[in-house]
Structures are given as structure tokens and as C-alpha cells.
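**Student:** Generate coordinates for the sequence data below:
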Amino acid sequence: MKKNLALVALIALPLLAGCGGSSTATATATATAPASGAAPAAAAPAAEAPKAAAPAVGTPFTADMGNGNVAKITIVSATFVDKVSTNQFAPAAKNGKFLQLDVLWETEKGTTSSNPMYFDAKDANGRKADMTIMGDGQIGSSPVVVGDKSRGFVNFDVAPGPIKVTITNPILQPVTSLTVAP
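**Tutor:** The predicted model follows:
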């Protein structure tokens, strides 16, 4: 019985050390092995890979758009503006200002679509902002294949302050979000 336990320890110890565990984790795993001859305890899970940085204005981030399609999105800037169009018939902001997101949309895998309807915004109180489709230079709603880019504005009528922007996939499920504070 002791021979089997010693054999398991001799085999498991180098394997645990090679799995990226620290000497403390190896010592803990060895110390918790049962002495009664029962099967050794399972090793602690390997450390998770470092997570990508949270999405932020000015920094590209990826969004899984489903079916193997991955978009690389950069919110180049987020600013509050009084007007989003030079058209005399464009409505004024009802909530004080327009949040104007300057968006660069690329595709890393497959084909994605740079659709402004994939963006939602909520103010600091959780109220959903109205998207404005009357703006000049609005990002187009079209397929973007690997190697192509789409750039334009997404505009929201919202009260100034920190705004939570959520990006959804084609079936309108959230894929990422970030807070902008222009």
C-alpha cells in the first residue's frame, strides 16, 4: 500500500510541478494526499490565462459576434456634442447633448457587420439612451470581411455623464460593454 502511494507521489509530483503550479501548490497537493491508500486528491486547477484588458476608448478590443465571426472594434473617441448633423431639419438633443462615438470596425475572423444598431447606451441612472440616426458620417450597416474596415459615428441622445455602452451580436445578445466618461 505504501509502495503504491509512493509511486503515485513520484509520478504526480513532477507532473504537478510541470503544470505551472508553484512549489507551494505542489507541497499543498502532496500534503493533502490521503495516507489510507485511497486515490490521491485531485490537483488544484491550473492558473487561468491572463484576461484581455477591459474595453476602453482608444484601445481596440475583440467581440465574438457568433458562428466563428470575430470583430475588432475601436471606439476611437467618445465626445458630447450639441449637434450631430448640419441638416437644418435634424432634431436637437432632448436630454441635453448627444454622445458621439467614433467607431472603427474591423473583422479578425469570418465576416461581421458594422451595424449601428449593435450599440446601446445607458446613462449613469440606468436609463436607456435614444440612438439618433440623423447624424452625419454615421457608420454604415454592411458586411466587413477580413482586411476591410468600416468607420463612422454612432450617436445617442443622452444626458452628459458617464455612459455605459454595450455592443451586441446580430441576435442582439450583449458581447461586451464599457463605460465612457467624455
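**Student:** so is the nearest residue to residue 99 once chain neighbours are set aside in a helix, a strand, or just coil?
**Tutor:** Computed as Cβ to Cβ, 6 or more residues apart in numbering, the closest residue to residue 99 that is not its neighbour in sequence is residue 156, at 4.4 Å. (C-beta placed from N, C-alpha, C; glycine too.) Here residue 156 is recorded as strand under DSSP: H, G, I helix; E, B strand; the rest coil.
**Student:** go on, residue 117?
**Tutor:** Residue 117 - assigned by three-state DSSP - is helix.
**Student:** what about it, neighbour count?
**Tutor:** Using other Cβ atoms under 10 Å, residue 117 is surrounded by 13 other residues.
**Student:** Now the element after the helix or strand bottoming out on mean pLDDT in the chain, going C-ward?
**Tutor:** Sorted by mean pLDDT, DSSP states H and E, the helices and strands of the chain end with helix 23-31, the least confident at a mean of 33. Moving toward the C-terminus from helix 23-31, the next helix or strand (DSSP states H and E) is strand 61-66.
**Student:** Parallel or antiparallel, which strands does that following strand pair with?
**Tutor:** Sheet pairing of strand 61-66 (DSSP bridges) gives strand 69-81 (antiparallel).
**Student:** So for the partner strand, what gets flagged as buried?
**Tutor:** 69-75, 78, 80 (16 or more other Cβ atoms under 10 Å).
**Student:** pLDDT weak spots in the chain?
**Tutor:** Applying pLDDT under 70 to the chain picks out residues 1-53.
**Student:** Recalculate using a threshold of 50.
**Tutor:** 1-36, 39-40 (pLDDT under 50).
**Student:** So the residue nearest to residue 99 is in contact with residue 133, correct?
**Tutor:** No: the pair residue 156 and residue 133 fails to qualify as a contact (Cβ atoms under 8 Å) at a distance of 10.8 Å.
**Student:** Between the two, which is the more surrounded one?
**Tutor:** residue 156 (27 against 11).
**Student:** can you tell me which residues contact residue 70?
**Tutor:** Residues in contact with residue 70 (Cβ atoms under 8 Å, 6 or more residues apart in numbering) are 62-64, 107-110, 112.
**Student:** Please identify which of the residues you listed is nearest to residue 101.
**Tutor:** Closest to residue 101 out of these is residue 63 (14.3 Å), distances taken as Cβ to Cβ.
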